[in-house]
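Participant: Predicted coordinates and the sequence they were generated for:
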Amino acid sequence: MLTMIEEHDATTVVLRMSGELHAGTYRDARDGVIKAALTAPALVVDVDGLRVTDRHAWSVFTSARWHVHAWPDVPIALACGDRGTRRLLASLSITRYVPVYASVDAAARAVADASHRYRRRAAVDLDGGGAVRRAQAFVKDRLRQWRLLDAMPAVLIVSTVFVENAMEHGGGSCTLRLETDDVGADGGVVNGGVVNGGVVNGGVVNGGVVNGGVVNGVVVAVTDANPAQATRREQDPTAPPTGLDLVAAVSHGWRNLPTPQGKTVWALIRPQDDFLTGIAGLVHR
């Protein structure tokens, strides 16, 4: 049995894991780390309570890190008081992707010092009739507050598609989340690139999530209770575009994140000048 307890403060979430980590609990552990990362400004995973009989099960932490690297890309570190286990993690190259520290306090200090990409966040829970209308009102209100009016058409399209899908397939309720960075000297949300210029060996959609950075980029994320991944299927090129076709056309990329109670689907929105290009590509296909 595997137990995970989250402890929150203003700057860090500590996820205390205890019990047995093996092939049978691997997915639960991975999804638990992903879930904590979705709500954390920075994440420390305390592994002192874990019993690991198969050393390769430690790779669960690099797997979780890979899933959240493009978004939400929060700093993640492990806390492990046993020196022998820390050496084992280094020998397995776990520490190449997820650093390990001798205590929770040391790990928390390290991740708190790491820069965090997104600085403005807002979320709303949606259920029942009128969810799409409330989602659209929420998007308009937030983007006006954030002075990101150029992004509004694309964000409205993506949020509407995601919320409609969640309401139809995700049990009748969902959470819509918006995130953006403060535009700085680097000129973009992602500082020029994610994972050597793309995500998942060449890109999520359109060759990569970033393609050189996004000014005034906005992430749209919707969480629902259905673990089945959203999938864009091949179809007759003469058929009308689907909702996910529209998402692909107006975003830098989109993907699914598994969570213990379902999934989160997210997309990174392009700047306004690419919005019309994406729509035009659908119209003339």
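Facilitator: Here it is on my side, so go on.
Participant: can you tell me how far Ala10 sits from Ala249?
Facilitator: 39 Å (CB to CB, to the nearest Å). Where C-beta positions appear, they are placed from N, C-alpha and C, glycine not excepted.
Participant: and if you look at Ser91?
Facilitator: For Ser91, the distance to Ala249 - CB to CB - is 45 Å.
Participant: what's the answer for Leu148, then?
Facilitator: 19 Å.
Participant: Leu43 versus Ala110, what's the distance?
Facilitator: Counting by CB to CB - Ala110 and Leu43 are separated by 11 Å.
Participant: what about these two, which has more around it?
Facilitator: Set side by side, Ala110 and Leu43 show more neighbours around Leu43, with 29 against 16, by other CB atoms under 10 Å.
Participant: what residues are up against the more buried one?
Facilitator: Contacts for Leu43 (CB atoms under 8 Å, 6 or more residues apart in numbering) come out as Thr12, Val13, Val14, Leu15, Val33, Ala36, Ala37, Val74, Pro75, Ile76, Ala77, Val111.
Participant: Which residues does it form beta bridges with?
Facilitator: Val13, Ile76 (DSSP bridges).
Participant: do you know how far it is from Leu15?
Facilitator: Leu43 is 6 Å from Leu15, by CB to CB.
Participant: shared neighbours, the two?
Facilitator: Val33, Ala36.
Participant: Ser91 and Ala249: who's more crowded?
Facilitator: Each of Ser91 and Ala249 has its neighbours counted (other CB under 10 Å); Ala249 has more, 24 against 10.
Participant: Tell me the secondary structure at that one.
Facilitator: Taking DSSP: H, G, I helix; E, B strand; the rest coil as the rule, one finds Ala249 in the helix state.
Participant: Does it touch Gly243 like I think?
Facilitator: No: in this structure, Ala249 is not within contact of Gly243 by CB atoms under 8 Å, at 10.7 Å.
Participant: In which helix or strand does the residue of the chain most remote from its centre reside?
Facilitator: Taking CA atoms, centre = their mean, the residue of the chain most remote from its mean C-alpha position is Thr238, at 32.9 Å. Assigned by DSSP states H and E, Thr238 belongs to no helix or strand.
Participant: What does it show for phi and psi?
Facilitator: phi -90, psi -10 (degrees, to the nearest 10).
Participant: and the gap between Pro257 and Ala122?
Facilitator: Wrong residue type there; residue 257 is Leu, not Pro. 19 Å.
Participant: Show me which of these two is the more surrounded one.
Facilitator: Comparing Leu257 with Ala122 by other CB under 10 Å, the one with more neighbours is Leu257, at 23 against 16.
Participant: residues in contact with the more buried one?
Facilitator: Ile34, Leu38, His67, Val68, Lys263, Thr264, Val265, Trp266.
Participant: quick one: the fifth one from Leu38, how far?
Facilitator: It stands for Lys263. If you go by CB to CB, the gap between Lys263 and Leu38 works out to 11 Å.
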